[in-house]
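Colleague: Here is my input; please provide its structure:
(chains A and B, ligands or ions: 5)
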Amino acid sequence: MGDISKNYRLNFLKEVEANVEEGEWVKMCMQCGVCSGSCPLGKFWDHPPQEIFMMIRAGKRDAVLTSNAMWMCTSCYNCIVRCPRELPITHIMHGLAHYAQRLGLAPAHQPTAKFAQLFWNNLMKKGRVNELKLGVKLYFMNGIGEGFKTSLKMKDIGLGMMKTKRMNPMEAIGGHALEDVKGFHAVMQKAQELEDQRLANQRP
Amino acid sequence: MTAVIATNETILVVGGGISGMTAALEAAETGKQVVLVEQRPYLGGRVTQLYKYFPKLCFPTCGLEINQRRTKQNPNLTILTLAEVTGLTGSAGAYTATITLAPRYVNERCTACGDCATAVEAEFADEYNYGLSKRKGAYLPYRMAHPARYVLDPAIIGTADAEKAKAACKYDAIDLEMREETLELRCGAVIWATGWQPYDAAKIQPYGYDRFPNVITSVEFERLADVNGPTGGKIVRPSDGKEAKKIAFIQCAGSRDRNHLLHCSRICCMASLKQATYVLDAFAEQAEVNVYYIDLRSIDRFEDFYNKVRANQNIKFIKSKPSSIVADKDGNPIVHGVDTEGYNRYAEPHDLVVLAVGMEPAVKKDAFPISVQINREGFIEAAPENGGIFAAGCAADALDVNRSAQHATGAALRAIQVINRVARAEV
Ligand SMILES: Cc1cc2nc3c(=O)[nH]c(=O)nc-3n(C[C@H](O)[C@H](O)[C@H](O)COP(=O)(O)OP(=O)(O)OC[C@H]3O[C@@H](n4cnc5c(N)ncnc54)[C@H](O)[C@@H]3O)c2cc1C
Ligand code: SF4
Ligand code: SF4
Ligand code: SF4
Ligand code: SF4
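Modeller: Ligands and ions are numbered 1, 2, ... in the order given. Presented below is the predicted three-dimensional model:
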């Protein structure tokens, strides 16, 4: 897709507007602070949304794209409901995360990013999420030792889910799939082509 | 039966606040016939409920008194209180208005002696004090009410209280047989001056106006500070009557917010700066005021006032729109948010929080008796399509008193021009 970002280094706001989902809303922020105060995860981030939006305007490209902030968003929508300017803050945060990931700038070993990738890979196999496999992958995401520890900790919940038929142990072998998996893969491949084309054609 | 003589050369003024009074007087003093229709039992509108005016910190009573005297001296002016315009048809130069008059149950013989109020027992929330106190079922709406005539609450009609009031009156001023009346009158031009109302603070859910007694609105705070108000001017908190020395003012409460009012209400920054001086006057060195704001809008020459208030060490300005308010176990409201200058998280306890609520038009978009151009904020636009109908004061925009009066004078001039055209055509 080429490093489109190079052309925009001087104007990060424009870059965000062109490349980030809902990015054209960033300029509408009036820096009132309601979103920052409303975010239940605010305490744990490098930067609250309001600050991220200001940093975008101030051209702090690296600081924004390598930040862990947008990866911490849990989509609780508290900020969106309260923003006096109706900025789709949650979506901008996800858009920024996605863009950072695309450029390979997302922080290494960011758990949300890792999980998102696991989820995607899992879904892409059969067009259906295999929760059992996804769960196991997730537990072992940070190595075998921790994986066993987490599995042990979660064992009662797992058994409970099986009892109430919320999880099927048979999923471990094969698992359920779409009727036409081949067709699904063809659709996804086409979609990827179109997306790559779109990105390549984006702004000279 | 109320008789009002009106012709196509009469100007009808709807709403008797400072804007309606100004427009009516300006027109009447040029010799035009004016009928002023006011919904409340008295004139003056919302400024009667303010303690002091910014920027001079003088008392509204002074200006109101002058206007009241002007109305008394003017034979061209007919005032109808407890009256509403329920219908309006026609076009510039020839309108017919339908006016509904609610019964006052007290006639012009009333001397405002107050004996009826002493005699009755039932009490009601006092709307003049935004429900912060109670009034009797027979009452003078407020101490300077014009006309200075008592009113019987319709709720006591048919009860023993009504008979007690009647029996107590030495002047035969109470008429329990009064009924609602409807009258039609002609007029050539209409000045629409129905003003504003405070935005319903309970709709701003995270601030908990409906949950926490110590979160109040700016209009209520005016009543608290007023020496003639429900607390005799003592700034105390509603929950326990404790002195409220540490007070937060939250700006743009409902204004500049796409979830509430789209517009900037324009006066609330100045109103909070003014109210901060009430706190300083009451507690001097012990006062602690925090003003939470997005940006402060003390327009044009008000900048001086802002600078003066800003210089006071006991008033702090925090650039941040708070995200929420919670109350601790002692009822202290705690203001939560993140400030814009440094992105610091705060959780600040106060004795009292005052929400600087926005001003919205008193008449809803779809409640006008005749078609007029309304903007997306709900205010009346100046538009040729409005014919002989002219908005004055806060019916046209969120304005302070000075600008309302100027605007009202402009509306009076426009109405006079219509009447002059009618007069020329009729000769
Ligand atoms: C907290 C606060 C503090 C303020 N302090 C100041 C200050 O210090 N200095 C300053 O300059 N300004 C101040 N203002 C602004 C001031 O209150 C307004 O400028 C002023 O009230 C405008 O007057 P008005 O006549 O246009 O509207 P209103 O005062 O609202 O009068 C409108 C009148 O019309 C009547 N009415 C409404 N609907 C109808 C109807 N359908 N039929 C008949 N009659 C009707 C109402 O009963 C009322 O009497 C303050 C505002 C707020 C919110
Ligand atoms: S709440 Fe909206 S306007 Fe306010 S700082 Fe956040 S994004 Fe900006
Ligand atoms: S949606 Fe995301 S950014 Fe918004 S308040 Fe929730 S966690 Fe914070
Ligand atoms: S109605 Fe009669 S008793 Fe009541 S205040 Fe008027 S004059 Fe006095
Ligand atoms: S005048 Fe001040 S408090 Fe009122 S809406 Fe405008 S900025 Fe907000």
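Colleague: What is the burial count for the residue of chain A found nearest ligand 1?
Modeller: Of all residues in chain A, residue A:84 sits closest to ligand 1, at 19.0 Å by CB to the nearest ligand atom. Bear in mind the C-beta positions are built from the backbone N, C-alpha and C, glycine included. Residues lying near residue A:84 (other CB atoms under 10 Å in any protein chain shown) number 20.
Colleague: so it touches residue B:259, yeah?
Modeller: Yes - using CB atoms under 8 Å, residue A:84 is in contact with residue B:259, at 6.8 Å.
Colleague: For the residue of chain A closest to ligand 1, list the residues it contacts.
Modeller: By CB atoms under 8 Å, 6 or more residues apart in numbering or on different chains, the contact set of residue A:84 is A:30, A:32, A:34, B:252, B:256-260, B:321.
Colleague: redo that, cut-off 6 Å
Modeller: residue B:257 (CB atoms under 6 Å, 6 or more residues apart in numbering or on different chains).
Colleague: Can you tell me how far it is from ligand 3?
Modeller: Taking CB to the nearest ligand atom, to the nearest Å as the measure, residue A:84 falls 14 Å from ligand 3.
Colleague: Just the mean pLDDT for the one helix or strand residue A:193 maps to, thanks.
Modeller: Using DSSP states H and E, residue A:193 falls within helix A:181-201. The average pLDDT within helix A:181-201 is 92.
Colleague: List the buried residues in that helix.
Modeller: Buried residues in helix A:181-201, counting neighbours by 16 or more other CB atoms under 10 Å in any protein chain shown, are found at residue A:184.
Colleague: which non-adjacent residue is nearest residue B:280?
Modeller: Closest residue to residue B:280 apart from its sequence neighbours, by CB to CB, 6 or more residues apart in numbering or on different chains: residue B:287 at 5.0 Å.
Colleague: Is it correct that that neighbour is in contact with residue B:279?
Modeller: Yes - taking CB atoms under 6 Å as the definition, residue B:287 is a contact partner of residue B:279 at 4.7 Å.
Colleague: Looking at those two, which one has more neighbours?
Modeller: Higher neighbour count among residue B:287 and residue B:279: residue B:279, with 25 against 21, using other CB under 10 Å.
Colleague: Tell me the pLDDT of that one.
Modeller: For residue B:279, the model assigns a pLDDT of 98.
Colleague: measure it to ligand 3 for me?
Modeller: Distance from residue B:279 to ligand 3, by CB to the nearest ligand atom: 33 Å.
Colleague: contacting residues for that residue?
Modeller: Each residue near residue B:279 by CB under 6 Å, 6+ apart is listed here: B:247, B:287, B:289.
Colleague: which residues of the stretch 1-150 of chain B fall in helices?
Modeller: B:18-28, B:60-73, B:115-119 (DSSP state H, counting those that start in this stretch).
Colleague: Kindly report the same for chain A.
Modeller: For chain A, applying DSSP state H gives helices covering A:12-19, A:34-38, A:49-57, A:61-65, A:78-82, A:89-102, A:111-126, A:131-139, A:144-163, A:181-201.
Colleague: deepest of those, which one?
Modeller: Using mean count of other CB atoms under 10 Å in any protein chain shown, the stretch among the helices of chain A with the greatest mean number of neighbours is helix A:34-38 (a mean of 28).
Colleague: Quick check: which helices or strands does that one pack against?
Modeller: Helices and strands touching helix A:34-38, by 3 or more CB pairs under 6 Å, 6 or more residues apart in numbering or on different chains; DSSP states H and E, are helix A:49-57, helix A:78-82, strand B:333-338.
Colleague: what does the first one contact?
Modeller: Translated: helix A:49-57. Outside helix A:49-57, the residues that reach it (CB under 6 Å, 6+ apart) are A:12-13, A:16, A:26, A:29, A:33, A:35-36, A:63-64, A:69, A:79, A:89, B:343.
Colleague: any chance of the residues you listed in CSV, with distance to ligand 5 and pLDDT too?
Modeller: Listed next are those as CSV, based on distance: CB to the nearest ligand atom, whole Å; pLDDT from 0 to 100:
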residue, distance to ligand 5, pLDDT
A:12, 29, 93
A:13, 25, 94
A:16, 28, 95
A:26, 22, 96
A:29, 16, 97
A:33, 14, 96
A:35, 18, 96
A:36, 19, 95
A:63, 30, 96
A:64, 29, 97
A:69, 28, 92
A:79, 20, 96
A:89, 21, 97
B:343, 21, 93
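Colleague: so which of the residues you listed comes closest to residue A:154?
Modeller: Residue A:154 has its nearest neighbour among those in residue A:69, at 28.4 Å by CB to CB.
Colleague: That closest one touches residue A:45, doesn't it?
Modeller: Yes - applying CB under 6 Å, one finds residue A:69 in contact with residue A:45, separated by 4.7 Å.
Colleague: Do you know the pLDDT at residue 78?
Modeller: Going with chain A. According to the prediction, residue A:78 has pLDDT 95.
Colleague: meant chain B actually
Modeller: For residue B:78, pLDDT reads 97.
Colleague: which residue sits closest to it in space, ignoring its chain neighbours?
Modeller: Closest to residue B:78 by CB to CB, 6+ apart is residue B:35, at 4.8 Å.
Colleague: Could you list everything the one you found pairs with in the sheet?
Modeller: Residue B:35 forms beta bridges with residue B:12, residue B:78, as assigned by DSSP bridges.
Colleague: got it, and residue B:198?
Modeller: residue B:359.
Colleague: ok so, going back, any idea which of the helices of the stretch 1-150 of chain B is most buried?
Modeller: helix B:18-28 (a mean of 29).
Colleague: how many neighbours does residue A:77 have?
Modeller: Neighbours of residue A:77 under the rule other CB under 10 Å: 14.
Colleague: should've said residue B:255
Modeller: 24.
Colleague: Tell me how far it lies from residue B:376.
Modeller: 14 Å (CB to CB, to the nearest Å).
Colleague: Then residue B:40?
Modeller: As judged by CB to CB, residue B:40 and residue B:376 stand 28 Å apart.
Colleague: For those two, indicate the residue with more neighbours.
Modeller: Counted by other CB under 10 Å, residue B:40 and residue B:376 do not tie: residue B:40 has more neighbours, with 21 against 8.
Colleague: Got phi/psi on the more buried one?
Modeller: Phi and psi for residue B:40, reported as degrees, to the nearest 10, are phi -70, psi 170.
Colleague: So the residue in chain B that ligand 3 sits nearest to versus residue A:122, what's the distance?
Modeller: For chain B, the residue closest to ligand 3 is residue B:323, as judged by CB to the nearest ligand atom, at 9.6 Å. From residue B:323 across to residue A:122, the span is 36 Å (CB to CB).
Colleague: Roughly how far does the residue nearest the centre of chain B sit from residue B:404?
Modeller: For chain B, the residue nearest the mean C-alpha position is residue B:46 (1.9 Å; CA atoms, centre = their mean). For residue B:46, the distance to residue B:404 equals 10 Å [CB to CB].
Colleague: Is residue B:100 in contact with residue B:82, as I believe?
Modeller: No - between residue B:100 and residue B:82 no contact is recorded; they are 9.2 Å apart, counting by CB under 6 Å.
Colleague: Now do the contacts for the residue of chain A most remote from its centre.
Modeller: No residue in chain A sits farther from the centre than residue A:163, which is 31.8 Å out by CA atoms, centre = their mean. With contact set as CB under 6 Å, 6+ apart, residue A:163 has no partners.
Colleague: Could you name the specific helix or strand carrying residue B:165?
Modeller: Counting by DSSP H and E, residue B:165 is found in helix B:160-168.
Colleague: With distance to ligand 2 added, can I get the helices of chain A in TSV?
Modeller: Below are the helices of chain A laid out as TSV (distance: least, CB to the nearest ligand atom, whole Å):
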stretch	distance to ligand 2
helix A:12-19	14
helix A:34-38	3
helix A:49-57	4
helix A:61-65	15
helix A:78-82	6
helix A:89-102	5
helix A:111-126	21
helix A:131-139	32
helix A:144-163	35
helix A:181-201	27
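Colleague: Let me have these in TSV, extended by distance to residue B:127.
Modeller: As requested, the helices of chain A are exported to TSV (distance: least, CB to CB, whole Å):
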stretch	distance to residue B:127
helix A:12-19	50
helix A:34-38	32
helix A:49-57	40
helix A:61-65	53
helix A:78-82	31
helix A:89-102	40
helix A:111-126	54
helix A:131-139	60
helix A:144-163	58
helix A:181-201	61
